[in-house]
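A.B. asks: 3D, please:
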Amino acid sequence: MNVLFVCLGNICRSPTAEGVFRRALARAGWQDRVEVDSCGVGDWHLGKAPDPRAQAAARQRGVDISGLRARQLVPEDFMEYDYVLGMDHDNLRAMLAMKPEQARAHVGLLLDFADVSESEVPDPYYGGDDGFEHVLNLLEAAADGLVDHLQRGR
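C.D. replies: Coordinates of the predicted model:
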């Protein structure tokens with residue numbers, strides 16, 4: 001089983017989702033059952049570490065994302081991953097436009113797995129620190145919901 005998280009540039013939301021989901025998997029004892037990665041639909045930050053604000057916010061919650069590096073979504077990802085989950089509707093549109101017809105991946109929004117009123121994880125890049133905290137709250141809820149979903153056998 002493998003899961004890919006997708007945002008715009010792969011330096012805020014999707015690497016944070018990757019780190020938070022890895023922690024949720026470890027708590028459930030599923031860290032050896034699920035492969036996890038993240039990427040962006042754009043190429044602006046290729047090879048760069050996550051935004052320092054995202055790293056700091058995640059670190060405060062016990063999640064280290066400092067070793068992650070940005071990469072761009074490619075059509076092959078839809079063939080290799082079981083779940084390709086975007087952070088917002090713009091990401092989802094870009095993902096669906098790139099998805100090959102024969103792809104096996106479930107393509108959707110990450111917050112579909114969260115018990116929250118929002119459907120999108122907002123991009124905190126241009127905001128303040130409170131935006132990163134809000135993103136973490138949403139991602140933690142979604143990570144727990146996704147682990148539950150996977151444990152139930154999809």
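A.B. asks: all contacts plus neighbour counts: C-alpha atoms, from now on.
C.D. replies: OK.
A.B. asks: quick one, helices of this structure?
C.D. replies: Using DSSP state H, the helices assigned to the chain run over residues 13-28, 52-60, 77-80, 89-98, 129-151.
A.B. asks: Can you tell me which helices and strands the fourth one packs against?
C.D. replies: Counting contacts by 3 or more Cα pairs under 8 Å, 6 or more residues apart in numbering; DSSP states H and E, the secondary-structure elements packed against helix 89-98 are strand 83-86, strand 106-109.
A.B. asks: which residues touch the last one?
C.D. replies: For strand 106-109, the surrounding residues in contact (Cα atoms under 8 Å, 6 or more residues apart in numbering) are 82-89, 92, 95-96, 119-120.
A.B. asks: switch to 6 Å and redo it
C.D. replies: Strand 106-109 is contacted from outside by 83, 84, 85, 86, 87, using Cα atoms under 6 Å, 6 or more residues apart in numbering.
A.B. asks: returning to that earlier point: okay, the helices and strands packed on helix 89-98, which one's buried deepest?
C.D. replies: strand 83-86 (a mean of 26; mean count of other Cα atoms under 10 Å).
A.B. asks: Give me the distance from that strand to the chain's centre.
C.D. replies: Strand 83-86 sits 7 Å away from the centroid of its parent chain (Cα atoms, centre = their mean, to the nearest Å).
A.B. asks: could you measure residue 89 against residue 142, distance?
C.D. replies: According to Cα to Cα, to the nearest Å, residue 89 and residue 142 sit 16 Å apart.
A.B. asks: what do you get for residue 153?
C.D. replies: Taking Cα to Cα, one finds residue 153 at 17 Å from residue 142.
A.B. asks: Pick out whichever of those two has more residues nearby.
C.D. replies: residue 142 (25 against 6; other Cα atoms under 10 Å).
A.B. asks: if I pick the more buried one, what's in contact with it?
C.D. replies: Residue 142 is in contact with 111, 113, 114, counting by Cα under 6 Å, 6+ apart.
A.B. asks: Recalculate using a threshold of 8 Å.
C.D. replies: 110, 111, 112, 113, 114, 115.
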